[in-house]
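A.B. asks: Fold the following and give me the result.
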Amino acid sequence: MREKPLILIVDDEKDFTEIIGAKLEGLGCDVIDAQNWAAAVKQAQELQPDLILMDINMPGVSGIDAAIEMKKDPKTKNIRIAFLTSMKEPWPSLSGDNQAISQEFGMDGFLEKTDDLDTLAGKIQEILAKP
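C.D. replies: Numbering: from 1, shown residues only. As a prediction, this is how the structure comes out:
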C-alpha cells in the first residue's frame, strides 16, 4: 500500500496538467502525467496508479477509446479512471447525465475542467475514497 495516492493525469494540455497536478500534490497526492495514449498505457501498466484522470479530447486516440481499452487490459482493468474534460456534451449521440454515461462505459467518474480547482480536487478525493 502506498503512503500517498498516485494519480496519472492523461492530458495534452501541459499547462492544465501542471495546475491540477500542483493542487493534488498540495493535498498529499503523488502525480504523474502523460500527454498521449502510448505513454499513458505504459505508465499505467508499470506504476498501477490509484486513479487515472483521462482527457476526452486528445490527438490520435480519443480519451474515451483509450479508457475503454485500459478497462479491457488485464494489467490496467482494476485502475479507477475518471474522464476529465472541458466538453459539455462529449458524446452527442447519447443523451443523459455525463456521470451516468461515464459509469455505463465502466468509468469511475466524470469531471469538468471548468470547475474551480477546489471543487475538482474535492471530486477527485471522493473518487479516491470509494472502496
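
A.B. asks: what about the residue nearest to Lys113 when sequence neighbours are not counted, how many neighbours?
C.D. replies: Leaving aside its chain neighbours, Lys113 sits nearest to Ser86 (4.2 Å; criterion: Cβ to Cβ, 6 or more residues apart in numbering). In short, each C-beta sits where N, CA and C put it, glycine included. Neighbourhood size, Ser86 [other Cβ atoms under 10 Å]: 13.

A.B. asks: so Ser86 makes contact with Asp115?
C.D. replies: No: judged on Cβ atoms under 8 Å, Ser86 makes no contact with Asp115 at a distance of 10.0 Å.

A.B. asks: State the distance from the residue nearest to Lys113 to Ala100.
C.D. replies: Distance of Ser86 to Ala100, computed by Cβ to Cβ, to the nearest Å: 19 Å.

A.B. asks: Could you do Phe83 as well?
C.D. replies: From Phe83 to Ala100 the distance is 12 Å (Cβ to Cβ).

A.B. asks: In terms of neighbours, single out the busier of these two.
C.D. replies: Legend: neighbour count by other Cβ under 10 Å for Phe83 and Ala100, higher for Phe83 (25 against 10).

A.B. asks: Report pLDDT for the more buried one.
C.D. replies: For Phe83, the pLDDT comes out at 92.

A.B. asks: and for stretch 23-31, what are the contacting residues?
C.D. replies: 2, 4-9, 21, 117, 120-121, 124-125, 128 (Cβ atoms under 8 Å, 6 or more residues apart in numbering).

A.B. asks: Report the rounded mean pLDDT for that stretch.
C.D. replies: The pLDDT scores in stretch 23-31 average 96.

A.B. asks: and if you look at stretch 39-58?
C.D. replies: For stretch 39-58, mean pLDDT is 94.

A.B. asks: in it, what's buried?
C.D. replies: 40-41, 43-44, 49-56, 58 (16 or more other Cβ atoms under 10 Å).
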